[in-house]
Every structure is written in C-alpha cells, then in structure tokens.
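In: Need coordinates for the below:
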Amino acid sequence: MIEVLDKIVRGLYKVLKVALCVVLIAMVGILAAHVIARYVLNSSLTWSEELMKILLVWFGLLSVSVLAARREHVSIVVFKDHMPKKVSAFLTKLTQVITVLVCIVVIYIGIQYVLTAGHRPTPALRMPYGYAYVAIPVSFFFVTIFEFRNLIVDLTGKGSYAAIDKPKEDLTGGKEVTLD
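Out: Model prediction:
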C-alpha cells in the first residue's frame, strides 16, 4: 500500500511543482505587461492587479502543499526537540493526525464557501470569485494527502521518509549530521 501511496504522492508533487512554476511565470509576465503598459504606453491594464491577486492566492496555497509534501512546513519544535525521542515521535504523529483532521474541516468549509460566495463576479475581470476561493479546498486536499502519507510512513516505518526530493549529492560522506 505504501508503494502505491508513494507513487501517487510523487506524481502529485511533480504536478504541483509544475503548476507553481506556471503560476509564477504568469505572475511575472502579467506584472511585466502591467509595468510596460503603465510606464511606456501610459495606459493601465485594469485587469492585471485583480488577476495577480488571484494568482498570488493560488501560489501561496499551493506552496503550502509542496512544503507539506517535503515535511518543511512551519512548525514549532522548541519543546519537541528537548523531549525524549519516544515523546517527540508521539508528538509528531499527534501533530500529523491533528493536521489531517483540521485539513478535512478546512476542505469542507472551503467547499461551502465556494458554493455560497464563489458566484460573485470580480470587478475588473467579471469572473467568479470562486476561481480564487477554490484554491483553499484544493490546497488543503493536497496537504491532507501528503500528511496522511507521512503519518502512514511514521506509523509503519515503511516507505521513504523523503520520498519526494532525494538529495542530489551526499555532502556528509554517509555520516548522520545533527544540528546540536
């Protein structure tokens, strides 16, 4: 089961990285077009700021998903790092369970929000706000999958801890390095 889950996670991770690159390139292109239009052509693109805001929402939320896949999301480890290993491992698993549960709640609320408020049109583009709002349940769906997979790996001890991005080169000579 973990092998199948790893393949799914790797595939989703690759798709998310490509999507982030596309969104970032689109943001840079739109910003460049806006600057050129404003300062060279003395005309403003009325739609560019609005589209940039929507793309920024997508970029930020999809970035959260990628960081969750890589286990690089924000966490407070001050207490956990000073506890015995068994307690620390338990806290890691508990945090993963809570994260999955919170993500499921956010997905549900996000879908409800998209369905109730997503039909309103944006002022300049006249497209539904739902295109921006749907980033919330989509992103948290990915976080749920990645955290669930990480929890399974931690509980079973099977699968690679870093199944997403493997280091290109081992600079430690095979020795374990700690930051103590």
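In: How far off centre is stretch 128-143?
Out: 11 Å (CA atoms, centre = their mean, to the nearest Å).
In: residue closest to the middle of the protein?
Out: Most central in the chain under CA atoms, centre = their mean is Ser65, positioned 1.8 Å from the mean C-alpha point.
In: Skipping its backbone neighbours, what lies nearest that residue in space?
Out: Once flanking residues are discounted, Ser65 sits nearest to Phe142: 3.7 Å by CB to CB, 6 or more residues apart in numbering. Using the backbone N, CA and C atoms, a C-beta is placed for each residue, glycine as well.
In: Could you do Gln96 as well?
Out: Gln96 sits nearest to Leu151 (CB to CB, 6+ apart), 4.1 Å away.
In: Within the helices and strands, which one has that neighbour?
Out: Using DSSP states H and E, Leu151 falls within helix 135-156.
In: Buried residues, that helix. List them.
Out: Counting neighbours by 16 or more other CB atoms under 10 Å, one finds that the buried residues in helix 135-156 are 135-153.
In: For it, give me every contacting residue.
Out: Helix 135-156 has contacts (CB atoms under 8 Å, 6 or more residues apart in numbering) with 1-2, 5-6, 8-9, 12-13, 16, 57-58, 61-62, 64-65, 68-69, 71, 89, 92-93, 96-97, 99-100, 103-104, 106-107, 110-111, 113-114, 158-161, 163.
In: Please, a ChimeraX command that selects the buried ones among these?
Out: For the buried members of the contacts of helix 135-156, the matching ChimeraX selection, counting by 16+ other CB under 10 Å, is:
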select :2,5,6,9,12,13,16,57,58,61,62,64,65,68,69,71,92,96,99,100,103,106,107,110,111,113,114,159,163
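In: pLDDT of the biggest helix by length in the chain, averaged?
Out: Scanning the chain for the longest helix, with DSSP state H as the assignment, gives helix 2-39. For helix 2-39, mean pLDDT rounds to 90.
In: Next secondary structure element downstream of it?
Out: helix 48-69.
In: what's the angle from that next one to helix 2-39?
Out: Computed with axes from the mean of the first three to the mean of the last three CA atoms, to 10 degrees, the direction of helix 48-69 lies at 160 degrees from that of helix 2-39.
In: hmm, back to that, how much does the longest helix of the chain deviate in direction from helix 135-156?
Out: Going by the same axes, to 10 degrees, helix 2-39 makes 150 degrees with helix 135-156.
In: List the buried residues in helix 2-39.
Out: For helix 2-39, by 16+ other CB under 10 Å, it's Ile2, Leu5, Asp6, Val9, Leu12, Tyr13, Leu16, Leu20, Val23, Met27, Ile30, His34.
In: Please save the CA atoms from stretch 97-117 in PDB.
Out: Extracted C-alpha coordinates of stretch 97-117, given in PDB (Å, rounded to 0.1, in the frame of the first residue of the first chain):
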ATOM      1  CA  VAL A  97      -3.300  13.400  12.900                       C
ATOM      2  CA  ILE A  98      -4.500  16.900  14.100                       C
ATOM      3  CA  THR A  99      -3.200  18.400  10.800                       C
ATOM      4  CA  VAL A 100      -5.200  15.800   8.700                       C
ATOM      5  CA  LEU A 101      -8.400  16.500  10.800                       C
ATOM      6  CA  VAL A 102      -8.000  20.300  10.500                       C
ATOM      7  CA  CYS A 103      -7.400  20.000   6.800                       C
ATOM      8  CA  ILE A 104     -10.600  17.900   6.400                       C
ATOM      9  CA  VAL A 105     -12.600  20.600   8.200                       C
ATOM     10  CA  VAL A 106     -11.000  23.400   6.100                       C
ATOM     11  CA  ILE A 107     -11.800  21.500   2.900                       C
ATOM     12  CA  TYR A 108     -15.400  21.200   4.000                       C
ATOM     13  CA  ILE A 109     -15.700  24.800   5.000                       C
ATOM     14  CA  GLY A 110     -13.800  25.900   1.800                       C
ATOM     15  CA  ILE A 111     -16.200  24.000  -0.400                       C
ATOM     16  CA  GLN A 112     -19.200  25.500   1.400                       C
ATOM     17  CA  TYR A 113     -17.700  29.000   0.900                       C
ATOM     18  CA  VAL A 114     -17.000  28.400  -2.800                       C
ATOM     19  CA  LEU A 115     -20.600  27.200  -3.200                       C
ATOM     20  CA  THR A 116     -22.200  30.100  -1.300                       C
ATOM     21  CA  ALA A 117     -19.900  33.100  -2.200                       C
END
